[in-house]
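S.K.: Sequence plus predicted model, see below.
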Protein chains: 2
Amino acid sequence: MTTVDSVSKPSRLAEPDEGISEEELRLAGRNHSMPLEALHYDVTPAGMHYLLTHYDIPAIVPDSHTLIFDGLVERPMTVSLDDLKARPRRTHHVTLECAGNGRALLQPRPVSQPWLSEAVGSAEWTGTPLAPILREVGIGSDARDIVFTGADHGVEKGVEQDYQRGLPLAEALRDDVLLAYEMNGQPLLPQHGAPLRLVVPGWYGMAHVKWLTRVTVIDKEFDGYQNAIAYRVRQDADDPGVPLTRIQPRALVRPPGFPDFMSRTRVLRAGTTTVDGRAWSGHGPITSVEVTLDGGETWSPAELQEQGQPYAWRGWRWSWDAQPGRYVLGARAADATGRVQPVDASWNRGGFANNSVQRIQVAVVTD
Amino acid sequence: MTTVDSVSKPSRLAEPDEGISEEELRLAGRNHSMPLEALHYDVTPAGMHYLLTHYDIPAIVPDSHTLIFDGLVERPMTVSLDDLKARPRRTHHVTLECAGNGRALLQPRPVSQPWLSEAVGSAEWTGTPLAPILREVGIGSDARDIVFTGADHGVEKGVEQDYQRGLPLAEALRDDVLLAYEMNGQPLLPQHGAPLRLVVPGWYGMAHVKWLTRVTVIDKEFDGYQNAIAYRVRQDADDPGVPLTRIQPRALVRPPGFPDFMSRTRVLRAGTTTVDGRAWSGHGPITSVEVTLDGGETWSPAELQEQGQPYAWRGWRWSWDAQPGRYVLGARAADATGRVQPVDASWNRGGFANNSVQRIQVAVVTD
């Protein structure tokens, strides 16, 4: 008997020295990271922003799309996209990162979307604030979580589902949480949630529900798959784990010089060069970035550029008198809460929030 | 001594059962394929079109960008982007595919960008025809190839280079070859060659030089790296091989039903469903598409939709009374030249032009 749950396999860890499987490659070919040279742009151009889609990208006709507010509300409501566009309009520059960023660098490797270090992007999201609508529909006094449902449908570990995430009420009521219908001044692209998505500045990508169809107020902690099973930091399969929420600090270096096609090793002519990149944290403003040339043994402070909007990444730069030789280039960020990027990854079974320091191989040459 | 050529390793084939390496994964995370559900769109939306970048995506300021015409020409010329935009404007709907599409499915696997079957996209390219400009600059009577140089710079197998491709004169003089500055009605995105690229309808992607800076007329066959070394079909390292030119026929199925996150196996409810997809060839119009449910043992003819522009893909559909069970779904295209997609891949050392039939795992379920 062919059943829905027969298509899923149990979660697993890769064997030591097991290469990336065809399944992981299939995900990697769909769900692309941001090419690191795009760190050049303060606002990531369309098509370069990282992308993770759990199931298929739905093709939704915007004109007929509606958003339902229901659950523990006094006045359930269905609004059209035009209704939302007629409401107050806000634009926030927000850096988004996948909670699984860095997964494929862990040992042993959790088998899932095999991100290296580059599942990030920073866009200007335009929409209308969610909180005033929640107040209009009248949230019940026993409300606890708000459940956001997307139109993307699939199966995961045997559980058939529309993608759904619960967000604590206090977060959903923040002024800067948006029902977004534009990205970088253009209507949302299909793969970024067209025609409507949630934006929760500071949180990992799983919270920013795409293809949004429904907003449901409930009186308990949401126990759906993506909250209770998927996005948790756990040490083993029996560990209930801790939910993923805000983005850990990370700095990325824009690779200097030019690359070898295959190895992506960078070639740089000896001399003085400016190394730059960007850094971000969902917990607080970036307060320092340091640069390493030896894979994390020694560090030099970088110069921070002005901070833009609160949850946008922050530019930094560092002047390097590059002498011939081989280097392992990276950077580490610290934020105002005292969080600092580690050199070595801390492992967890889902492969989440690995913000260990990037390692760019650089060959400085004379010629 | 650290030298430029020290950053490249020799080309190699993967060992039997060797998983995808971190190097291949790094390329896969940058160079994304088209998610198969995007076969829904006749014109691929921005950000879903496949992308292959040999080196880094340059960040070029359009206002100061110029294109140089030189070599064996009577009147060498430098034109600005505005000059080109003031010339006759043409839009062609053209399907592009990477010559390496299907590489990662080969046994043994050539180690390079590890494409599965989806390195394709179909866009409306707007620009000005190249041929009238070539006539204006006055091509020498002994001209043979036109060399197109891009601004992307890197090293490949020890050879430092700007990306360059030679195109035979007769191809360059075709009416439909464009100097393109728009994609789908918008200025080119950085990753698609902004501000200017070549479009050679019918040819694999390597001919459509991005970030175009120079057009050089030469009196011999171009012997640069990308023509003489990289893009050739060869059986072993000593084989001089045959250059890659036009796209072999291929049909892709838009996966029906919904996916499992990890395995991408499709789940479909039993009943009548329409299976659809698109098919293309750079050699001639698509004349038939057939569908298989058993990995290529038996075939049923699909219904072709109208052919659009000559080098745009062609839609097709097939009605399936899906009974519970497991299937391996695929389609094969034939074109007017008699070329037909093979079920089994024909191997070559570079892993090029593998247009063997797609294999989509489908579980048809009741409930």
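M.R.: Okay, I see it. Since we're looking at a predicted model, the values are computed, not measured. Numbers count the residues shown, from 1 in each chain, chains lettered A, B, ... in the order given.

S.K.: Quick one, grab the pLDDT at the closest residue to A:Y204 other than its chain neighbours.
M.R.: The shortest distance from A:Y204 to any non-neighbouring residue, by CB to CB, 6 or more residues apart in numbering or on different chains, is to A:A99 (3.8 Å). (Glycine included, C-beta is placed from N, CA and C.) On pLDDT, A:A99 comes in at 98.

S.K.: sec struct for the closest residue to A:P201 other than its chain neighbours, please.
M.R.: Leaving aside its sequence neighbours, A:P201 sits nearest to A:Y311 (CB to CB, 6+ apart; 3.7 Å). Classification of A:Y311 by DSSP: H, G, I helix; E, B strand; the rest coil places it in coil.

S.K.: so the residue nearest to A:Y204 sits in a helix?
M.R.: No - counting by three-state DSSP, A:A99 is not part of a helix but coil.

S.K.: tally of neighbours for it?
M.R.: Residue neighbour count, defined by other CB atoms under 10 Å in any protein chain shown, stands at 27 for A:A99.

S.K.: Assess the claim that it and A:A353 are in contact.
M.R.: Yes - the pair A:A99 / A:A353 is scored as a contact, 6.2 Å apart, by CB atoms under 8 Å.

S.K.: Identify the contacts common to the two.
M.R.: A:204, A:244 (CB atoms under 8 Å, 6 or more residues apart in numbering or on different chains).

S.K.: Just the terminal-to-terminal distance for stretch A:66-81.
M.R.: Counting by CA to CA, to the nearest Å, you get 6 Å between the two ends of stretch A:66-81.

S.K.: next SSE after the helix or strand containing A:P132?
M.R.: Using DSSP states H and E, A:P132 sits in helix A:131-137. Note on helix A:131-137: by DSSP H and E, the next helix or strand toward the C-terminus is strand A:145-156.

S.K.: For that next one, the averaged confidence score.
M.R.: On average, strand A:145-156 scores 98.

S.K.: anything in it near chain B?
M.R.: Yes - judged by CB under 8 Å from any CB of the partner chain, strand A:145-156 comes into contact with chain B at A:153-156.

S.K.: which one of these has the most neighbours?
M.R.: That'd be A:V155 among the residues of strand A:145-156 next to chain B, by other CB under 10 Å, with 27 neighbours.

S.K.: Identify the residues contacting it.
M.R.: Contacts of A:V155 by CB under 8 Å, 6+ apart are A:4-5, A:7-8, A:161, B:258-261, B:267.

S.K.: Restricted to strands, list those.
M.R.: A:161, B:258-259, B:267 (DSSP state E).

S.K.: so which of those comes closest to A:R87?
M.R.: A:Q161 (29.5 Å; CB to CB).

S.K.: roughly how far apart are the residue lying closest to the closest one once chain neighbours are set aside and chain B?
M.R.: In this structure, A:Q161 finds its nearest non-sequential neighbour in A:Y225, 5.6 Å apart by CB to CB, 6+ apart. Counting by CB to the nearest CB, to the nearest Å, the gap from A:Y225 to chain B is 10 Å.

S.K.: Show the backbone phi and psi for A:S64.
M.R.: phi -100, psi 10 (degrees, to the nearest 10).

S.K.: Please read off the pLDDT at it from the model.
M.R.: The model reports A:S64 with a pLDDT of 91.

S.K.: Ok, A:R12 next?
M.R.: Looking at A:R12, its pLDDT reads 95.

S.K.: try A:G330
M.R.: Reported pLDDT for A:G330: 98.

S.K.: residues contacting it?
M.R.: Shown in contact with A:G330 (CB under 8 Å, 6+ apart): A:253, A:291-292, A:295-296, A:357-360.

S.K.: from the residues you listed, which are also near chain B?
M.R.: Okay, of the contacts of A:G330, nothing touches chain B (CB under 8 Å from any CB).

S.K.: Any idea which residue of chain A lies closest to chain B?
M.R.: Residue nearest to chain B within chain A: A:G19 (1.9 Å; CB to the nearest CB).

S.K.: Around that residue, how many other residues sit close by?
M.R.: A:G19 sits with 19 neighbouring residues when counted by other CB under 10 Å.

S.K.: Give the bridge partners for the residue nearest to the spatial centre of chain A, please.
M.R.: Centroid-nearest residue in chain A: A:E97, 2.0 Å away (criterion: CA atoms, centre = their mean). On the basis of DSSP bridges, A:E97 is bridged to A:V120.

S.K.: Would you check that it makes contact with A:R250?
M.R.: Yes - with contacts defined as CB under 8 Å, A:E97 counts as touching A:R250 at a distance of 7.1 Å.

S.K.: shared neighbours, the two?
M.R.: With CB under 8 Å, 6+ apart as the test, A:E97 and A:R250 both reach A:120, A:280.
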